[in-house]
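In: heads up, no residue letters with this:
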């Protein structure tokens, strides 16, 4: 089972355009402590962005909203107010 997990993690990292040598290095470093946090820690040490975890304190509170939807909604409201 662990071999399948290693393969899936390697695939995810390679699909994120992380260099294959870096992926092999990371997998070697975290083989005894395989967690998302440890993988992301090793990624950051090599200069990559986090991939498996998120720091929600760094996120903008409105980042999850579809800004285009909000703009369209506000246009509709403004047009209705002008017509009234």
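Out: Structure received. Remember, it's a predicted structure, so these values are computed and weren't measured experimentally.

In: same for the strand or helix carrying residue 7, what does it pack against?
Out: Under the criterion of DSSP states H and E, residue 7 resides in helix 2-15. The contact analysis (3 or more CB pairs under 8 Å, 6 or more residues apart in numbering; DSSP states H and E) places helix 2-15 against helix 20-29, helix 36-45. Using the backbone N, CA and C atoms, a C-beta is placed for each residue, glycine as well.

In: let's see it at 6 Å
Out: helix 20-29 (3 or more CB pairs under 6 Å, 6 or more residues apart in numbering; DSSP states H and E).

In: name the helices or strands packed onto the helix it packs on?
Out: Using 3+ CB pairs under 6 Å, 6+ apart: helix 20-29 touches helix 2-15.

In: before we move on, back to that, if you count neighbours, what's buried in the helix holding residue 7?
Out: The neighbour-count check on helix 2-15 (16 or more other CB atoms under 10 Å) flags 9-10, 13 as buried.

In: now swap in stretch 34-53 and tell me
Out: 38-43, 48, 51.

In: coming back round to it: of the buried residues of helix 2-15, closest to residue 32?
Out: residue 9 (14.3 Å; CB to CB).

In: circling back: out of the buried residues of helix 2-15, which is nearest to residue 33?
Out: For the buried residues of helix 2-15, the nearest to residue 33 is residue 9 (13.1 Å; CB to CB).

In: What is the burial count for residue 16?
Out: 13 (other CB atoms under 10 Å).

In: quick one, what contacts it?
Out: Contacts for residue 16 were tallied using CB atoms under 6 Å, 6 or more residues apart in numbering; they are residue 51.

In: that older thread, distance to residue 31 for the buried residues of stretch 34-53 - can I get that in CSV?
Out: As requested, the buried residues of stretch 34-53 are exported to CSV (distance: CB to CB, whole Å):
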residue, distance to residue 31
38, 10
39, 11
40, 16
41, 14
42, 11
43, 15
48, 19
51, 18
